[in-house]
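J.: My questions are about this predicted structure, shown below with the sequence.
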Amino acid sequence: MAKRAIPLVDLSQFVDGDEQQRKDFVAALGKAFHEIGFVGVINHGIPKKLIEDFYAASKAFFALPEAVKKKYEVPGLAGQRGYTSFGKEHAKHSNVGDLKEFFQIGQEVGDNELPPEDYPPNVKVDEAPEFLELGIKLYRAFEKAGAQLLKAIAIHLELPEDYFEDKIHLGNSILRAIHYPPITQEPESAIRAEQHEDINLITLLVGASAGGLQVLTMDNEWLDVVPEKDEIVINVGDMLQRLTNNYLKSTTHRVVNPPREEWHKPRLSIPFFLHPRSEMDLSCLPQCVSEERPLAYEPITAGQYLDERLREIGLKK
């Protein structure tokens, strides 16, 4: 069996384990996030059937005619809800659009809970009514698993266990269904998704329908990440890297094109980008600043940071 590119942890050890198991989990997660920024997680509590049903609904949505999908593209929302058509998003160092289209589902807030401009309504697809419904259920399951992982990270950073709790309650997280269509001609230079780092605190990715995900190690080597059965892949985003003054690593990753003989195969992937609320202060934690690790970033809020990055990747004008 090929050697794993990223470590594997068992979330049930933290959620249901005794003191020693929890300690071991925190140490393993902290080490993985510090050294490579990526980890595989089993027993994450996200129901398998829900994942499969949402996959099927996503597939049905992306199979709709282009003109129908475009009805669900909302101008002025920087792709934060609904459909974003093929080739619109690019990595921040590149001007060539990635070979993908996607659909985004965001936080649902009750009336008068929070300012509506931070939480535009989700987009319901008339032709695939269960798509949004299943998406919201999956969103909640991801939020739950993500909150547990952030508790472990808080402990690792010597913060109170509930440090992230109020910051992610009704956070601006995004569930994204990404479709990489079959490749029909020699691509200009773009690969399915050019190398990039994620913007958010952590990303939870449920196994893609085809390979292609690669991470860049500290030795500057690209490794294939091949999730095993029922495993989700978690990585550190730039907000968490910034908060920890580069102690936890937001690792560069990409999705490469398959070998030519598999160009006809589409790829579907479902990441959940766990974001805090816009007002979260991302100033570096004092315990992460030292002589060896001098302060690397100016203070900024999560909302300001997200705004800056959406412009860099071409979603916001």
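T.: Done, it's in.
J.: And residue 272, what's its pLDDT?
T.: pLDDT recorded at residue 272 is 96.
J.: number of nearby residues for residue 299?
T.: For residue 299, the count of nearby residues is 10 (other Cβ atoms under 10 Å). The way it works is simple: take the backbone N, C-alpha and C, and place the C-beta from them, glycine included.
J.: Isn't it up against residue 282?
T.: Yes: counting by Cβ atoms under 8 Å, residue 299 does reach residue 282; the two are 7.3 Å apart.
J.: how about the helices in this structure?
T.: For the chain, the helices defined by DSSP state H occupy 11-16, 19-35, 48-62, 66-70, 129-156, 165-168, 238-243, 302-312.
J.: quick one: buried residues of the third one?
T.: This means helix 48-62. Of the residues in helix 48-62, 51, 53-55, 57-59, 61-62 count as buried by neighbour count, 16 or more other Cβ atoms under 10 Å.
J.: got a list of what residue 278 touches?
T.: Contacts here follow Cβ atoms under 8 Å, 6 or more residues apart in numbering; on that basis residue 278 touches 118, 172, 301-303, 306.
J.: pretty sure residue 204 contacts residue 275?
T.: No: counting by Cβ under 8 Å, residue 204 stays clear of residue 275, with 12.0 Å between them.
J.: joint contacts of those two?
T.: Contacts common to residue 204 and residue 275, judged by Cβ under 8 Å, 6+ apart, are absent.
J.: still on that earlier bit, overlap of the contact sets of residue 299 and residue 282?
T.: Taking Cβ under 8 Å, 6+ apart as the contact rule, residue 299 and residue 282 have no neighbour in common.
J.: correct me, but residue 289 touches residue 297?
T.: No: applying Cβ under 8 Å as the test, residue 289 and residue 297 come out as separate, 10.0 Å apart.
J.: residues shared between the contacts of the two?
T.: residue 245.
J.: can you count the residues close to the nearest residue to residue 73 once chain neighbours are set aside?
T.: Using Cβ to Cβ, 6 or more residues apart in numbering and skipping the chain neighbours, the partner closest in space to residue 73 is residue 83 (4.7 Å). Counted with other Cβ under 10 Å, the neighbours of residue 83 add up to 23.
J.: Also residue 74?
T.: The number of residues packed near residue 74 is 17, by other Cβ under 10 Å.
J.: Tell me how far it lies from residue 147.
T.: Distance, residue 74 to residue 147, by Cβ to Cβ, to the nearest Å: 28 Å.
J.: distance between the helix or strand of the chain with the lowest mean pLDDT and the chain's centre?
T.: Lowest mean confidence among the helices and strands of the chain (mean pLDDT, DSSP states H and E): strand 193-196, at a mean of 74. In terms of Cα atoms, centre = their mean, to the nearest Å, the centre of strand 193-196 is set 13 Å apart from its chain centre.
J.: Mind listing the strands it pairs with, and their directions?
T.: strand 253-255 (antiparallel) (DSSP bridges).
J.: Pull the distance from the strand it pairs with to the chain's centre.
T.: From the chain centre to the centre of strand 253-255 is a distance of 12 Å (Cα atoms, centre = their mean).
J.: Looking at it now, give me its mean pLDDT.
T.: Average pLDDT, strand 253-255: 85.
J.: who touches it?
T.: Residues outside strand 253-255 that contact it (Cβ under 8 Å, 6+ apart) are 38, 180, 191-197, 212-216, 222, 225, 235, 267, 269.
J.: and the residues you listed, which are buried?
T.: The neighbour count (16+ other Cβ under 10 Å) marks 38, 180, 191-197, 212-216, 225, 235, 267, 269 as buried among the contacts of strand 253-255.
J.: Quick one: residues contacting the closest residue to residue 299 other than its chain neighbours.
T.: Leaving aside its sequence neighbours, residue 299 sits nearest to residue 283 (Cβ to Cβ, 6+ apart; 4.1 Å). If a contact means Cβ under 8 Å, 6+ apart, then residue 283 has 243, 297, 299-300 as its contacts.
J.: Which of the residues in stretch 30-50 are classified as buried?
T.: For stretch 30-50, a neighbour-count test (16+ other Cβ under 10 Å) marks 30, 32-33, 35-44, 46 as buried.
J.: Grab the two from those that are most spread out in space.
T.: Maximum pairwise distance among the buried residues of stretch 30-50 (Cβ to Cβ): 25.2 Å, between 35 and 46.
J.: and residue 106, bridged to which residues?
T.: Note on residue 106: beta-bridge partners by DSSP bridges are residue 174.
J.: Around it, how many other residues sit close by?
T.: 25.
J.: which ones are touching it?
T.: Neighbouring residues of residue 106 by Cβ under 8 Å, 6+ apart: 80-81, 119-120, 122, 172-175.
J.: Next: residue 101.
T.: Taking Cβ under 8 Å, 6+ apart, one finds 62, 69, 83-88, 178-179, 181 in contact with residue 101.
J.: if I look at it, how far off is residue 153?
T.: Going from residue 101 to residue 153 by Cβ to Cβ gives 32 Å.
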